[in-house]
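Student: Okay, here's the prediction I keep looking at, along with the sequence it came from:
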Amino acid sequence: MNAQNSRLDPPPEMPRDIRLGLTKAKDVAFPLRWGLIGAGNICRQWAEALKACKGATLSAVASRSIESARDFARQHGIAQFYNDYAELVNSADVDVVYVGTPDRLRKEHCLLALNAGKHVLCEKDIAQSVVDAEEMYAAAKTNNVMLQDGVWTRFFPAVEHARMLLESGAIGDVVTVQSDLNPLYTSQAVTLGFGADKPPLKVTAFGNLPTEGGGAGCALMDFGDNKYAILTFVEFGSEFREVTEIIGTHGRLTLEDPGHCPTILTVRTPSTVPYRYLHSNAPSPSQRFEYPIPDIVRMPDAYPNQQGFLYQAEAIHRCIAAGLDQCPQFTMQESLYTLSLLTQINTAKKRAM
C-alpha cells in the first residue's frame, strides 16, 4: 500500500527533487533529445525506458562500429547514428548524452560530451577513481551542465520512501547497515544509511575485490560509536539473497529482494525495542509498502526491474528543466563518497592478501 499520514502530507514515495520543492512533477514532459554513446545491452534497456518518458526523444546513437550503430538506430527508431563519438556530442540535435560504454572508457566519453556542452548521465561506476570523477564533475561545472551518476537504485519509490523515513528520524539513529550484492550497490546503501559526511574509521575486507569478476566477498566498516556497515558481495552464480537493511535505535527498514532495485519496503518501528525480546518472541509489528514497476515500459529480456530506469530518466528531465546540475537523489558528494568507499574496500582487501 502507498500510505499518507494525512491528506495534506505528500506521498512518502514522492521523488526527492519534488519533495524538496526543487522541481515540478509536470516537467517529466520537459523536452530533451538524447544521444546514446554505446550500443550494448545496457544502452538498449535505457532506450526502451526513455520511450516511456514523456519528454524524451531518442535522437542519436554512436558505437565503434557503424553497423552496430545502424542496427541499434533501426531497432529503436533513431534518426542519427555514428561511429564517431565526437560527431554525436557535437550534434545540434542532442541535449543530453547517456554514456553506456565499458568502465575504463567512461571518463573519456563523459569529458567529450561535457566539454561539448551536453548534459551527461553516466552509467555506474561513473569513474575508476575519485580523482577521475572529480575531474569529470569539474568539467560539468565549467560547462554549466549536469553530470549525473547513474546509480538508479536511489530513484525507486521504495528507496525514496526509505530516505524520507531516515530524514524524519523514524527509526532513530542509524547503527547498522547490512546490504548484499556487489561493492557498488552495497556502498551506496552505506551512504543512504549513514550519509556522506563521515568516513569510516576502519575498513576490513575479505574475498573478491570489486574489480574481480566473481566469487564471494565481504567488508566491515567501522564508523565509531558502535556503528557499522556489513556488506556481502555475493557469488553471482548462486541462489543468493539480496536485501538491504538499515537498523536504527527505534526501528528497522528493509528494502526487500532485489535490494538494488526494490519494489517492496518493510518498516518496523515498534513502540519498544528490541521488540521480540521484550514481548515473548512475538514478531515486531511491521508495515509493508509495495511499489510495482511501471507497466508502460516494454523491455524484453530485462534483468530484474530494469523497467525502473524510467524513474531516473524522469528525474533528469525534471531537474534539467529546473536548471539543476545534479539530482538530489544521488548527489556529487554521495557519488564521490561512494567511490571513496570502493577504494577503501580495495585497499583493505590488498592488505588482507
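Tutor: Received, thanks.

Student: So for the protein, the centremost residue is which one?
Tutor: Centroid check for the chain by C-alpha atoms, centre = their mean gives Val151 as the closest residue, at 2.1 Å.

Student: So that residue sits against Gln188, correct?
Tutor: Yes - counting by C-beta atoms under 8 Å, Gln188 is a contact partner of Val151 at 5.3 Å. For every residue, glycine as well, the C-beta is placed using N, CA and C.

Student: joint contacts of those two?
Tutor: Shared contacts of Val151 and Gln188 (C-beta atoms under 8 Å, 6 or more residues apart in numbering): Phe330, Thr338.

Student: Next one: the residue nearest to the centre of the chain from Cys327, what distance?
Tutor: Taking C-beta to C-beta, to the nearest Å as the measure, Val151 falls 10 Å from Cys327.

Student: pLDDT value on the residue nearest to Leu111 when sequence neighbours are not counted, please?
Tutor: Leaving aside its sequence neighbours, Leu111 sits nearest to Ala139 (C-beta to C-beta, 6 or more residues apart in numbering; 5.5 Å). Model confidence at Ala139, expressed as pLDDT, equals 98.

Student: Distance check, Ala139 against Asp132.
Tutor: For Ala139, the distance to Asp132 equals 11 Å [C-beta to C-beta].

Student: for Asp180, same thing?
Tutor: From Asp180 over to Asp132 the distance is 27 Å, taken as C-beta to C-beta.

Student: Name the residue in these two with the higher neighbour count.
Tutor: Taking other C-beta atoms under 10 Å, Asp180 and Asp132 do not tie; Asp180 has more neighbours (23 against 17).

Student: so that one sits right up against Thr232, yeah?
Tutor: Yes - shown here, Asp180 and Thr232 form a contact pair, counting by C-beta under 8 Å, at 4.5 Å.

Student: which element follows the helix or strand the residue nearest to Leu111 falls within toward the C-terminus?
Tutor: For Ala139, the element it lies in under DSSP states H and E is helix 130-142. Next helix or strand after helix 130-142 toward the C-terminus (DSSP H and E): strand 147-150.

Student: can you list contacts of that following strand?
Tutor: With contact meaning C-beta under 8 Å, 6+ apart, strand 147-150 is reached by 110, 114, 119-124, 126, 136-137, 139-140, 312, 316, 325-327, 330, 332, 334-335.
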